[in-house]
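Undergrad: Sequence and predicted model, in that order:
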Amino acid sequence: MKKVSSLFKAAAFAGAAVMMLAGCGSSNNAGGKTETLDENAKTEITFAGWSLDTTPEFKTLADGFMKDHPNITVNIKQYSADDYDTQLTSDISGKSQPDVFPIKNLQKYYAYAAESGGLADLSDIASEYEGDKNIDVSQYKLEDGKYYAMPYRQDSWVLFYNKDMFEKAGVDAPDGTWTWDDYTKAAEELKEKLPAAGYDASSVYPMYQHGWQSVVQGFALAQTDGAYDDYFKGDYSYLKPYYERALKWQKEGLTIDWNTVNSTKVQYQAQFGTQKAAMLPMGTWYAATLVSQQKSGDADTFNWGMAPIPQNPDEKTDETVTFADPTGLAVSSNISGQKLAAAKEFVKWCSGEKGSEALAKIATTPAYFSDSVADTYFGTDGMANDDLSKKAWTEHKTNPENPVGAGTNTIQDVLNTVVHSGIMSGTSSVDDAIAKGTQDIKDQGVLQQ
Amino acid sequence: MTQATSAASSVRVAPPDHSKANKAIGRRNLRNGLIFIAPNFIGFFVLILIPVVQLFYIGFSKWSAFGDPKFNGLTNWVRLTHDSNFKAAFVNTIVYSVVHISLTLAIAFALAVLLNTKLKGRAFFRTVAFFPYITSIVAAAQVWNMLFDVKSGVINQIIKFFTGGWAPGWMGSTKWAMVAVIIVATWREVGYYMILILAGLQTIPGELYEAASIDGANKWQQFWKITVPCMRPTLFFVLVTLTIGSFKILDLTLVMTNGGPGTSTLVLAQYIYMVAFNRQDFGYSGTVSLVLFALCMVVTLVQFWYNNKKEK
Amino acid sequence: MTAASITPAAGVKSSSADIPFNKKPVSPAKIVGTVIGYAAMLAVSAFTLLPFVWMLLASVKPNNEVFMVPFKWLPSVWHFENYINIWTKSDMLLWVGNTVFFAICVTFLQVFTGSFAAYGFSRIKFAGRNTLFLIYIATMAVPWQSYMIPQFKMLSSWGLVDTRWSIILLQAFGAFGVFMMKQFYDTIPEELAEAARLDGLSEFGIYARIVLPLSGPSIAALGIITFTNTWNDYMGPLIYLRATNLQTIQLGLKTFISQFNADYAMIMTGSVLSILPILVVFLLGQKQFIEGIATSGMKG
């Protein structure tokens, strides 16, 4: 064992002797010591963002922060929205990550935070936000009690619906008390009545279920009692009722079938935006897109709203349970001193009320939900602002899209490739796919014993 | 005919070997050889060979891409033996490669021979044949997915006309998705390999054909007695790169089917990428890479051995 | 090896009948055959170009219609202004400039060092030649995504990440060019070099004066392929480039995709534009093939 290891190292260092000199020996800043920020010192920090031309949030945050802290300059680097995690993995591996960077999804957070050593401890910022009812930072807490990221966006899943289509068809619009069975019933009624209301029967559907794994599994996990424990124990039977419903919708022609969605790259924005679907379960990020597409003419002009997401008909809860993954910001562990203090200040600013106000102004759902932030958000031009939409946006119990742990990446991937794709494409039955997925996950050796 | 074939075979005769007799020539050759190779080899060694060698350690270790890999012996290899996704990917890769290689080679060769004649408009057709290779893969995949659409796709409408209603399920079917991928892959790469073969065809001296036709050899005989032997080094190159390229197929399945439905079009290269970047399990991904590497090398070495035997 | 089974007369007859464009009066059947042949080639061409046509049409569609179900070939509104807007809405000019720079540098280095090394492998018999060559080919059998991270760590430790050097170094020394050129050199008759050697020409002289002039089509082919691959490369720049002023065309087109939305019409517009430079390179390189036919090639 030793021999192979040293051989490898010899090979590695033969070409990379300089590695030692190149200053990758950064001090891992241990424990959340508070660096004092010198506001008068000129400081530059780098900040990663994706698709900068089409995603204004990064520039909004950087500009807002620089206005409050004139001596700190935030330089934005361009990353890819699609392959962000591939780029970030390389960066952290080569110790060349930017000073501040987004954690795009919670699924990858554990690997970055617990295994890479590339993220600075942000527990001191978290302690300031703990107990603040306007922000929930708990999803970034690791088993050791430390935090390595802070949320700056907290989108959650709601039901978008086209008010005009419901009205014309004469079907009762969502009232905030729906279960998935009520959702099915309304869809069946729409299917029957929409053609009479002048909608083309061959291309207009009552609902649009997008092809993502989370559209089925996210709700099953969040709305079933005990599912988060079952997840690491290898019991995925909680998925079954959700898949049976999804297949039923597909079979009855209430939504475009999954194979078509997948192979023709159907865009949910186009389906809902051009009134090809009356209902769309989707994350709140879509509100901003819809507003801007209605302005640009890419989407039709119609009345729409957000309703609380339908609930699990097999379980009774008083509150709306939905899922949502925060988008967070992390700080590189390669920096120290003034730079680190500036980077942390930036993260704190983005998560807090000021950053959230700035984001709400561009119709982006922020992480800090104070009343004034909500007013700013619903005051933006073109945004739905009925009471049900406000309720859907603010009042809900949000569970994470998936639990965070050592096996998450593998489990999610198998549940997607084997279970989700297998069932939705019709290539295997619900039971077979779940059984095969469970076996595959066991074979990968990532389950808790 | 005799004249032609002797001319063709004389091309292959190696010069007399003096090096055994003269050590000085051996040393001079070594020096000259190294001088010619050095500019490329230095870059190659440092930038490619060193990282590649590390893979042979990574494949036997646990590694999340961060820090140093931890050696874990044969653990990954034991995992391979009962990994059903790996097995599916392995079989899919072989099926894809066997069909894709034979189809592409046959069509590319036929096109190259055709376009090497003084056919009118050959420059135009040559450009057209190369177009699929330069068209954005996203656009290409999209159009093909449209054409393959089960209900409204043009392809199934034509098939239904002949079969009276029956048509394959293409992208939604575990049996037909791979067929669709192979068709598109062949469509995409034929022009590329045609260019390579064409470049090889052009190095064959025209006199050989003239001599052969004077001797009364027909086209078919000329093809087998002149074209194929003279083309052997080029064909060998095409065959090796086509084989390795097919075993390593990734981008097309990623865009067209993403490995689905189920695991019916999951190939090894995609599994490697998936395990590494989706599951953050670079050690195990390295193990699968080594299997893919071994597979490529076995086939390549067989081709080497066969090529050397034929050259003698 | 002899054509004993075929009488000379029969042979001549069959071969002359097979040769198109000969001086004999053409039969009506032949004309029909030629017409059918051309019709078939045109049909194949149309079929081959179909995705490109779709791309062209998609580039002038409203964004929401690009992936509309059910499909429509023609846009409801023609957005020809996309071709003007893309230059102002994005840094297209910068992306093209960067990509041209990378493609030219990589193609030059790959062709130059590749053909040089290939001559060593093909024509000079030195100790360890076959082993070394096999190592070259072996690296081609390793999927890049599996040694991408070790390679990145190495270049990162040299401080080359997010610089122009990273892309050039990454792509210029692949085994592909060496392998390809070696195989083409193997087709050049050894006698030519032997004669020159007897005349006292050095190895370098033989390479420069005899072998290189003969390898026009193959250098053109390698040049076209390297240029195309560098031009269309996505993963390399994705992993190594971050600064906004270093973005390449393939990275740039991806910036039309944000986290939840995508401007597919713009992506298609950019894709159509990005084909043009490759087409120019291809048409230039193609001349080599035409000249090649004039001097050698099959006499039909």
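TA: That came through, no problem.

Undergrad: next structured bit after the helix or strand B:Ile183 falls within?
TA: Using DSSP states H and E, B:Ile183 sits in helix B:177-201. Next in sequence after helix B:177-201, counting helices and strands by DSSP H and E, comes helix B:206-214.

Undergrad: nearest residue to the closest residue to chain C within chain A other than its sequence neighbours?
TA: Nearest residue of chain A to chain C: A:Gly94, at 3.1 Å (Cβ to the nearest Cβ). Glycine gets a C-beta too; all of them are placed from N, C-alpha and C. Nearest residue to A:Gly94, sequence neighbours excluded (Cβ to Cβ, 6 or more residues apart in numbering or on different chains): C:Ser156, at 3.1 Å.

Undergrad: Can you get me a residue count around the residue lying closest to C:Arg164 once chain neighbours are set aside?
TA: Leaving aside its sequence neighbours, C:Arg164 sits nearest to C:Leu246 (Cβ to Cβ, 6+ apart; 6.8 Å). Number of residues near C:Leu246 (other Cβ atoms under 10 Å in any protein chain shown) recorded here: 21.

Undergrad: repeat for A:Lys248
TA: Around A:Lys248 there are 11 residues (other Cβ under 10 Å).

Undergrad: That one: what secondary structure?
TA: helix (DSSP: H, G, I helix; E, B strand; the rest coil).

Undergrad: what residues are up against it?
TA: A:Thr184 (Cβ atoms under 8 Å, 6 or more residues apart in numbering or on different chains).

Undergrad: Test of understanding: give the bridge partners of A:Pro102.
TA: Beta-bridge partners recorded for A:Pro102 (DSSP bridges): A:Leu329.

Undergrad: So stretch B:22-36, near chain C or not?
TA: Yes. Judged by Cβ under 8 Å from any Cβ of the partner chain, stretch B:22-36 and chain C are in contact via B:26, B:29-30, B:32-36.

Undergrad: OK, now which residue of the stretch 201-312 of chain B is nearest to chain A?
TA: Counting by Cβ to the nearest Cβ, the stretch 201-312 of chain B gets nearest chain A through B:Pro261, at 3.4 Å.

Undergrad: I'd guessed that residue sits against A:Ser421; true?
TA: Yes. The criterion here is Cβ atoms under 8 Å, and B:Pro261 meets it with A:Ser421 at 6.0 Å.

Undergrad: which neighbours do those two share?
TA: Common neighbours of B:Pro261 and A:Ser421 (Cβ under 8 Å, 6+ apart) are A:Thr427.

Undergrad: tell me the helices in the stretch 51-200 of chain B, going along the chain?
TA: B:75-81, B:84-115, B:122-134, B:137-147, B:154-163, B:177-201 (DSSP state H, counting those that start in this stretch).

Undergrad: out of the ones you listed, nearest to A:Asn312?
TA: helix B:84-115 (30.7 Å; Cβ to Cβ).

Undergrad: touching chain A at all, the closest one?
TA: Yes. Shown here: helix B:84-115 in contact with chain A (Cβ under 8 Å from any Cβ) through B:84-85.

Undergrad: in that helix, what's buried?
TA: Within helix B:84-115, the residues that count as buried by 16 or more other Cβ atoms under 10 Å in any protein chain shown are B:85-86, B:88-90, B:92-93, B:96-97, B:99-101, B:103-105, B:107-109, B:111-113, B:115.

Undergrad: what separates that helix from the chain centre, distance-wise?
TA: With Cα atoms, centre = their mean, to the nearest Å as the basis, helix B:84-115 stands 8 Å off its chain's centre.

Undergrad: That helix relative to helix B:177-201, how many degrees between them?
TA: Relative orientation of helix B:84-115 and helix B:177-201, computed by axes from the mean of the first three to the mean of the last three Cα atoms, to 10 degrees: 40 degrees.

Undergrad: counting contacts, what elements does helix B:84-115 pack onto?
TA: Packing partners of helix B:84-115 (3 or more Cβ pairs under 8 Å, 6 or more residues apart in numbering or on different chains; DSSP states H and E): helix A:430-443, helix B:122-134, helix B:177-201, helix B:228-247, helix B:268-273, helix B:282-311.

Undergrad: With respect to burial, which of these scores highest?
TA: Sort these by mean neighbour count, taking mean count of other Cβ atoms under 10 Å in any protein chain shown, and helix B:268-273 sits at the top with a mean of 25.

Undergrad: Okay, domains of chain C per the record?
TA: C:8-58, C:82-295 (automatic domain parsing).

Undergrad: Buried deepest among these, which one?
TA: Ranked by mean neighbours (mean count of other Cβ under 10 Å), the domains of chain C are led by domain C:82-295, with a mean of 20.

Undergrad: and that one, how far from the chain's centre?
TA: That offset, for domain C:82-295, works out to 8 Å (Cα atoms, centre = their mean).

Undergrad: Which of the three states applies to the residue at minimal distance from the centre of chain C?
TA: Among the residues of chain C, the one closest to the centroid is C:Ile225, at 2.0 Å (Cα atoms, centre = their mean). The three-state label given to C:Ile225 by three-state DSSP is helix.

Undergrad: which residues sit in contact with it?
TA: B:192, B:195-196.

Undergrad: List just the nearest of these to chain A.
TA: B:Tyr192 (25.0 Å).

Undergrad: Count the neighbours of the spatially closest residue to A:Ala246 that is not a sequence neighbour for me.
TA: Distance criterion Cβ to Cβ, 6+ apart; nearest residue to A:Ala246, sequence neighbours excluded, is A:Val216 at 5.1 Å. Counted by other Cβ under 10 Å, the residues lying close to A:Val216 total 24.

Undergrad: contact partners of the strand or helix carrying A:Val216?
TA: In this assignment (DSSP H and E), A:Val216 forms part of helix A:213-223. Defining contact as Cβ under 8 Å, 6+ apart, one finds that helix A:213-223 is touched by A:157, A:209, A:227-228, A:231, A:238-239, A:241-243, A:246, A:281, A:309, A:311-312, A:315, A:321-323, A:398-402, A:412, A:415-416, A:419-420, A:424.

Undergrad: quick one: the closest residue to B:Tyr193 other than its chain neighbours from B:Ala180, how far?
TA: Nearest residue to B:Tyr193 in three dimensions, chain neighbours excluded: B:Ala108, at 3.9 Å (Cβ to Cβ, 6+ apart). Distance, B:Ala108 to B:Ala180, using Cβ to Cβ, to the nearest Å: 20 Å.
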